[in-house]
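>>> Provide a 3D model corresponding to the input given below.
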Amino acid sequence: MPVTPGQAQLAFSGASVVLAAVLAWVTYLYYQETKAHTEEMQKTREQEMRPVLKPTIDSYGGMIQRLEIVNTGPGAAHDVTAT
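Down below sits the predicted model:
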């Protein structure tokens, strides 16, 4: 039984729809994986760049005290307060 041009066109259209659906699904999976990887990298970067503060208190006599805070971590420390 010969294939008519209409049947060939219908088969080609169906194959195109299936291919487009598979491509969309693969693209979505790639998006999810990239998003998860980016979030993991951001958390790692935040941990690596966290400031580490080392306070020291020096006493002179009984009344005079001096508080010194040194940042030994790689990240900048902002809005540091001490009580």
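>>> now the strands: where do they sit in this structure?
Counting by DSSP state E, the segments of the chain that form strands are 53-60, 64-71.
>>> So for P5, which of the ones you listed sits nearest?
Shortest distance between P5 and the strands of the chain, using CB to CB, is found for strand 64-71: 75.5 Å. (Each C-beta comes from the backbone N, C-alpha and C, glycine too.)
>>> which one of the strands of the chain lies closest to L19?
Comparing the strands of the chain by CB to CB, strand 64-71 comes nearest, at 55.8 Å.
>>> other SSEs contacting the closest one?
Using 3 or more CB pairs under 8 Å, 6 or more residues apart in numbering; DSSP states H and E, the elements in contact with strand 64-71 are strand 53-60.
>>> Describe which strands the strand it packs on pairs with in its sheet and in which direction.
Strand pairing for strand 53-60, determined by DSSP bridges: strand 64-71 (antiparallel).
>>> before we move on, back to that, in CSV: the strands of the chain, plus distance to H37.
Below are these laid out as CSV (distance: least, CB to CB, whole Å):
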stretch, distance to H37
strand 53-60, 31
strand 64-71, 30
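>>> Of these, which is nearest Y31?
So among these, strand 64-71 is nearest, using CB to CB, at 38.1 Å.
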